[in-house]
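Student: next one to model:
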Amino acid sequence: MNSTEPPLVSIVTPSYNMANYLPAAIESVLGQDYPRIEYIVVDGGSTDGTLTILERYRDRLAYTSAPDLGPSHAIFQGFRRASGDILAWLSADDTLLPSAVRTVVDFFAPRPEVDIVYGEG
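Tutor: Residues are numbered from 1 along each chain as shown. The predicted model follows:
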């Protein structure tokens, strides 16, 4: 990490046939006020229009679509692709609150001994 740049935050969303929910999840990530987010959606081979949604956002996120072994496997696949200093996942039927990413980064900054944080919603 370049010390003059804020840390890169990689967010992974596992998804399978979540077209009804996915746009809200995507918008909640892309609408964050934090400048360095890498967003990866790992789709398990959806057949419900998810790929059409992902294609609309292809210039703002990375995605793959292929059968997987479930959400934890999809998260693992996403983390393997991620290059961030901070890793997070967001389920396809969840959303981030405004400034959530900045809040996490600001929490970690003065606490190098902390390895994990989680929210209660």
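Student: now stretch 81-96: average pLDDT?
Tutor: The average of the pLDDT scores along stretch 81-96 is 98.
Student: please name every helix or strand in contact with whichever helix in the chain runs longest.
Tutor: Selection of the longest helix in the chain by residue count, based on DSSP state H, yields helix 71-81. On a contact count with 3 or more Cβ pairs under 8 Å, 6 or more residues apart in numbering; DSSP states H and E, helix 71-81 meets strand 9-15, strand 37-43, strand 86-89. C-beta coordinates here come from the backbone N, C-alpha and C atoms, glycine included.
Student: rerun at 7 Å
Tutor: If you count contacts as 3 or more Cβ pairs under 7 Å, 6 or more residues apart in numbering; DSSP states H and E, helix 71-81 packs onto strand 9-15, strand 37-43.
Student: for residue 45, see how far away the residue lying closest to residue 26 once chain neighbours are set aside is.
Tutor: The spatially closest residue to residue 26, leaving aside those adjacent along the chain, is residue 57, at 5.7 Å (Cβ to Cβ, 6 or more residues apart in numbering). Look at residue 57 and residue 45: by Cβ to Cβ, to the nearest Å, they are 18 Å apart.
Student: so for the two, which residue has more residues nearby?
Tutor: When residue 57 and residue 45 are compared on other Cβ atoms under 10 Å, the one with more neighbours turns out to be residue 57, at 18 against 13.
Student: wait, doesn't residue 48 sit right on residue 19?
Tutor: Yes: between residue 48 and residue 19 there is a contact at 4.5 Å, judged by Cβ atoms under 7 Å.
Student: and these two? Which one has more around it.
Tutor: residue 19 (17 against 13).
Student: that one: what's it in contact with?
Tutor: 48, 49, 50, 53 (Cβ atoms under 7 Å, 6 or more residues apart in numbering).
Student: 10 Å instead?
Tutor: Taking Cβ atoms under 10 Å, 6 or more residues apart in numbering as the contact definition, residue 19 lies against 46, 47, 48, 49, 50, 51, 52, 53, 54, 92.
Student: what about the first one, helix or strand, and which?
Tutor: Secondary structure here is read from DSSP states H and E; on that basis residue 46 sits in neither a helix nor a strand.
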